[in-house]
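Asks: mind folding the following:
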Amino acid sequence: MPGRALCAHRRARDEDTLSAETVLEELTLLADSAGLEVAGSRLFPHAAPFHPGTLFGPGQVELLKEQIAATGADLLLVDHATTPIQAANLSKALEVEVMDRTALILWIFAQRARTREGKLQVELARLEYQMGRLVRGWTHLERQRGGIGVRGGPGETQIELDRRMIRDRMDRIKDDLGKVKRHRDNQRQGRKQRPLPGIALVGYTNAGKSTLFHRLTEKGVLIADQLFATLDPTVCGLDLPSGQRIVLSDTVGFIRHLPHMLVAAFRATLEEVLEARLLLHVVDISDPEWQRSVDAVEEVLRELGADEIPVLMVANKIDRLPEPVLPEGWVGISALTGEGIEGLLQVVDAHLEEDRRTRPLSLPVADGATIAWIKSRGKVEQEQIEELEWRGIVTLTVEDWGRLERMLRGND
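Replies: Reported below is the predicted structural model:
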């Protein structure tokens, strides 16, 4: 990939100037995350419908050409989705490579993926993107058609061959992903056998989820001021102030208008979210456009079918604001400095406590397997043994109390 990029965005008819500036700023952050040097940016006002051949109008193309020459850029990044024809025409007019936002995000995902599953998901998304952009590069051969009863031509045959090769590769990847998914399902099923309720960190990319994960678990996950610094999910155990142990998972960051093929491809990766008892929605409260980021995350959660899972809103980066004012019910923290972390854990504890019930319980001492299961699933206080009877004050989730009752009935 070229090294110096010019980022361009043209304001849509229904887009205000602040929103357009935010979109362009995000594009420059994406470029930086891809390891590109941002040579400059250009925001064009809405003046006329998008040009069908080049996306930008002739005058705007000339301005871009001048800025590319002045900055030495060798790549134009366009926030809008471009057709193959538009990209080719722009590239020819500007004499530099042209890449749209979706292609850039796919490039970043390819750089970030570390696990086999992540790499397969990225490859699948890339092939789907490529399939949708096959152009009639062989139309010059189609003019050679001729003869009665002859259908199609050499060019058409090549396009079909390309499509078939891509479909075959996609099918093989899907088979491999099925095997990986079964392995992940086994791991997740194993966690279900333990007492660990799942808590998932979700949020807009670069909101500080990985910094918070590191602060809470002291696990050496990648922390970087880049979009999509975390791609593959990370899972770790964590003890709450009450002694309750949970499974905390960090997930890929969301983004506005996340390409649909990536939402579909990474659905398996995001299944940690679907299994969670509680979602911690981390928001960069120092971002003036934080509400748009919240809306984007909630849209993706709806697409995943996770919009009914309880959510705790976490306002991160309060250290960047002199007097942070938070919406009602939000918890303010600084994952960087540690401010508010203890309060966050207490709120999480209280939320989980709402789902727990405490009761006295007595069992035969000989039923050691059940007693061990209780201790692995919850908390036992005032434990004592009198003759052949074990007694204690037991705290379990409502779900586990139901399981225990079924277990005891089975022993009768």
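Asks: could you list every residue that touches Lys174?
Replies: The contact partners of Lys174, taken as Cβ atoms under 8 Å, 6 or more residues apart in numbering, are Leu124. In this view, the C-beta of every residue, glycine as well, is placed from N, C-alpha and C.
Asks: how near is it to Thr395?
Replies: To Thr395, Lys174 is 44 Å away according to Cβ to Cβ, to the nearest Å.
Asks: does Ala207 lie in a helix or a strand, and which?
Replies: If you go by DSSP states H and E, Ala207 is not part of any helix or strand.
Asks: for the residue nearest the centre of the chain, helix, strand, or coil?
Replies: Most central residue of the chain, judged by C-alpha distance to the mean C-alpha position with Cα atoms, centre = their mean, is Val252 at 3.2 Å. Reducing the assignment to helix, strand or coil with DSSP: H, G, I helix; E, B strand; the rest coil, the entry for Val252 is coil.
Asks: pLDDT value on it, please?
Replies: Reported pLDDT at Val252 in the predicted model: 72.
Asks: check Gly146 too.
Replies: According to the per-residue confidence, Gly146 scores 43 in pLDDT.
Asks: so where do the helices sit in the stretch 51-200 of the chain?
Replies: If DSSP state H, counting those that start in this stretch is used as the criterion, the helices of the stretch 51-200 of the chain fall at 58-71, 84-94, 101-112, 116-132, 139-142, 154-192.
Asks: of all these, which lies closest to Gly203?
Replies: Between Gly203 and these, the shortest gap by Cβ to Cβ is with helix 101-112, which sits at 16.3 Å.
Asks: least trustworthy helix or strand in this protein by mean pLDDT?
Replies: For the chain, using mean pLDDT, DSSP states H and E, the weakest element among its helices and strands is helix 139-142, scoring a mean of 42.
Asks: what about Asp349, how many residues nearby?
Replies: Applying other Cβ atoms under 10 Å, we find 16 residues neighbouring Asp349.
Asks: check which helix or strand covers it.
Replies: Under the assignment given by DSSP H and E, the secondary-structure element containing Asp349 is helix 341-353.
Asks: please read off the pLDDT at Leu388 from the model.
Replies: Note on Leu388: pLDDT of 89.
Asks: let me see the mean pLDDT of stretch 165-175.
Replies: Rounded mean pLDDT across stretch 165-175 is 92.
Asks: which SS class is Gly243?
Replies: With three-state DSSP as the basis, the three-state label of Gly243 is coil.
Asks: not counting its neighbours along the chain, what's nearest it?
Replies: Here the nearest residue to Gly243 in space, its sequence neighbours aside, is Lys379; by Cβ to Cβ, 6 or more residues apart in numbering that works out to 6.1 Å.
Asks: before we move on, what about Ser334?
Replies: Asp319 (4.0 Å).
Asks: any idea how far Arg114 is from that neighbour?
Replies: Counting by Cβ to Cβ, the gap from Asp319 to Arg114 is 30 Å.
Asks: what bridges to Arg245?
Replies: For Arg245, the beta-bridge assignment (DSSP bridges) gives partners Asp239.
Asks: hang on, it packs against Thr217?
Replies: No. Arg245 lies out of contact with Thr217 (Cβ atoms under 8 Å); the separation is 11.8 Å.
Asks: between these two, what contacts are shared?
Replies: Looking at what touches both Arg245 and Thr217 (by Cβ under 8 Å, 6+ apart), the common residues are 237-238.
Asks: residue ranges with poor pLDDT in the stretch 251-400 of the chain?
Replies: Low-confidence segments of the stretch 251-400 of the chain, defined by pLDDT under 70, span residues 263-272.
Asks: quick one: the strands in it?
Replies: With DSSP state E, counting those that start in this stretch applied, the stretch 251-400 of the chain shows strands at 278-284, 311-316, 331-332, 356-364, 379-386, 389-397, listed in chain order.
Asks: what about the residue nearest to Gly243, how many residues close to it?
Replies: Burial measure for Lys379: 18 neighbouring residues, criterion other Cβ under 10 Å.
Asks: Arg101 and Glu123, how far apart?
Replies: Separation of Arg101 from Glu123 (Cβ to Cβ) stands at 19 Å.
Asks: same question for Glu37.
Replies: The spacing between Glu37 and Glu123, counted by Cβ to Cβ, is 27 Å.
Asks: those two: who's more crowded?
Replies: Comparing Glu37 with Glu123 by other Cβ under 10 Å, the one with more neighbours is Glu123, at 21 against 15.
Asks: grab the nearest non-local neighbour of that one.
Replies: The spatial neighbour of Glu123 that comes closest, neighbours along the chain excluded (Cβ to Cβ, 6+ apart), is Ile173 at 5.8 Å.
Asks: wait, that neighbour sits on Leu124?
Replies: Yes. With contact defined as Cβ under 8 Å, Ile173 reaches Leu124; the gap is 4.8 Å.
Asks: of the two, which one has the most company?
Replies: Counting neighbours by other Cβ under 10 Å for Ile173 and for Leu124 shows that Leu124 has the greater number, 22 against 19.
Asks: dump the residue contacts of the more buried one.
Replies: If you count contacts by Cβ under 8 Å, 6+ apart, then Leu124 has 170, 173-174, 177, 261, 265 around it.
Asks: looking at the helices of the stretch 51-200 of the chain, which one is packed in the most?
Replies: The densest packing among the helices of the stretch 51-200 of the chain, expressed as mean neighbour count by mean count of other Cβ atoms under 10 Å, is seen in helix 101-112 with a mean of 21.
Asks: now do it: which elements does it pack against?
Replies: Helix 101-112 is packed against helix 17-33, strand 75-78, helix 116-132, helix 260-265, with contacts defined by 3 or more Cβ pairs under 8 Å, 6 or more residues apart in numbering; DSSP states H and E.
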